[in-house]
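> no sequence for this one, just the structure:
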């Protein structure tokens, strides 16, 4: 899997700097952040934009100058740089961005108390059989979310309509419409599950 990953916590940026930093991102991303009612979520959205800007700098681009459009399922893409694909996620205190030369999806989830019966609605039987703890639940949820982002169809794909296989290994994967999607997981932030998904 070849991609660039950027991740940061909102506690790494002084609160007074957020309004100033918001001025260096695009109007689209500013409006997106403004839609959040929760102040923490607004900051995470801005931080996501800053990480996206950092990712684009590698290619001599800046987020403020990017032109956005959306596929029929609402997934954003760059009109002025269609060869670059990105995915954004944030949860708890962290935001992440991945960028690749092919379709990609990412997800980060803070591990917290949850009713494990939710798995009955959203996970397949094989996936539920791998749940022994809350950490297992969030691991599977994160993998599934990164997958639907990579496919680019969002929640038009019901979460229980596909199965993450190989959960007992370090190389889980998913088969969908004759294609194989592979995952890369990261465990370097305590109490968070992090996953990236790309088509093989």
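Received, thanks. A quick note: this is a predicted structure, and the numbers were derived from the prediction, not measured.

> and the lowest-mean-pLDDT helix or strand in the chain, what's buried?
Sorted by mean pLDDT, DSSP states H and E, the helices and strands of the chain end with helix 18-22, the least confident at a mean of 75. For helix 18-22, the neighbour count (16 or more other C-beta atoms under 10 Å) marks 18, 21-22 as buried. Placement of C-beta: from N, CA and C, glycine included.

> contact partners of it?
Applying C-beta atoms under 8 Å, 6 or more residues apart in numbering, the contact partners of helix 18-22 are 13, 30, 33, 43, 46, 50.

> check the first one and give its pLDDT.
Which is residue 13. With respect to pLDDT, residue 13 has a value of 77.

> the last one now?
The predicted structure scores residue 50 at 93 on the pLDDT scale.

> can you classify it by secondary structure?
Under DSSP: H, G, I helix; E, B strand; the rest coil, residue 50 falls in the helix class.

> which non-adjacent residue is nearest it?
Nearest residue to residue 50, sequence neighbours excluded (C-beta to C-beta, 6 or more residues apart in numbering): residue 21, at 6.0 Å.

> do you know how far the one you found is from residue 198?
In this structure, residue 21 and residue 198 are 29 Å apart, going by C-beta to C-beta, to the nearest Å.

> for residue 132, state which of the buried residues of helix 18-22 is nearest.
Using C-beta to C-beta, residue 18 is the member of the buried residues of helix 18-22 that sits closest to residue 132, with 39.5 Å.

> returning to what we had before: which is the next helix or strand following the least confident helix or strand of the chain?
On the C-terminal side of helix 18-22, the closest following helix or strand by DSSP states H and E is helix 27-34.

> what about residue 106, distance to residue 196?
Noted for residue 106: a distance of 5 Å to residue 196, by C-beta to C-beta.
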